[in-house]
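K.L.:
Sequence below, structure please.
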Amino acid sequence: MTVTEKQAWLWRYQKARPRMDQIQGKLAQKGVAWEEMKRMEQQPCHPTQRRQLEQVKVRTGREMETLKRELASLEEDRREIALAIERVAEERFRRLLEYHYLEGWTWQQVACRMEYSPRYIYKLHKQALEAIECKGRKRTYHLKAEKCRIHCFPQREARA
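P.N.:
Numbering: from 1, shown residues only. From the prediction side, this is the model:
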């Protein structure tokens, strides 16, 4: 996975929060509507109205299930990203990734908190991205390209 792809994957942590809030709001609204429909079922009404109420209830139930699945998926993405950051071996890389991607701090805030220059933070960020292991990856990312070539991509036999 490229550095750019890793950045996009890590940003999903922050981007998921507003959508999760939106889904939870919709679920709350649908829950209130569901309770109202249950209350209406107890009252006598015309058979046509009863069928319409059942159709609306079925549709609302499906929508709620879809929202719950999407919410669970977003929560799983956030857990996966947090776990990947937690697994980064070097403490300063881990803190940098947590501050920027999990907490949503700017680079200036991260540099100030870690007591480094912003220029050095950008350099650390690149190294931290190389050190993180993203979802679906079978191998770990090493800090040094030479080390990665040795461990992950053994030299091919020299061609004659």
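K.L.:
quick one: the helices in the chain?
P.N.:
3-41, 47-86, 91-97, 107-114, 118-131, 145-152 (DSSP state H).
K.L.:
In this protein, where is pLDDT below threshold?
P.N.:
135-160 (pLDDT under 70).
K.L.:
Swap in 50 and give it another go.
P.N.:
Across the chain, the ranges flagged by pLDDT under 50 are 136-160.
K.L.:
Can you tell me which of the helices of the chain is most buried?
P.N.:
helix 91-97 (a mean of 18; mean count of other CB atoms under 10 Å). Quick note: C-beta positions are derived from backbone N, CA and C, even for glycine.
K.L.:
who touches that one?
P.N.:
Outside helix 91-97, the residues that touch it by CB atoms under 8 Å, 6 or more residues apart in numbering are 10, 85-86, 88, 110, 114, 121, 124-125, 127-128, 131-132.
K.L.:
if you set the cut-off to 10 Å instead, what comes out?
P.N.:
6, 10, 13, 81-82, 84-88, 90, 103, 105, 107, 110-111, 113-114, 116, 121, 124-125, 127-132, 143 (CB atoms under 10 Å, 6 or more residues apart in numbering).
K.L.:
and if you look at stretch 19-32?
P.N.:
In contact with stretch 19-32 (CB under 10 Å, 6+ apart) are residues 16, 34, 60-61, 63-64, 66-68, 70-72, 74-75, 78.
K.L.:
rerun that using 6 Å as the cut-off
P.N.:
Contacts with stretch 19-32, where a contact means CB atoms under 6 Å, 6 or more residues apart in numbering, come from 60, 64, 67, 71, 74.
K.L.:
measure the closest residue to the second one other than its chain neighbours to residue 68 for me?
P.N.:
Spatial nearest neighbour of residue 64, chain neighbours left out: residue 30 (5.0 Å); criterion: CB to CB, 6 or more residues apart in numbering. Computed with CB to CB, to the nearest Å, the distance linking residue 30 and residue 68 is 10 Å.
K.L.:
How about residue 83?
P.N.:
Relative to residue 68, and taking CB to CB, residue 83 is found at 22 Å.
K.L.:
And for residue 120?
P.N.:
Residue 120 is 44 Å from residue 68, by CB to CB.
K.L.:
and what of residue 26?
P.N.:
In terms of CB to CB, residue 26 sits 10 Å off from residue 68.
K.L.:
what's the neighbour count on residue 88?
P.N.:
20 (other CB atoms under 10 Å).
K.L.:
what sits against it?
P.N.:
94, 131, 132.
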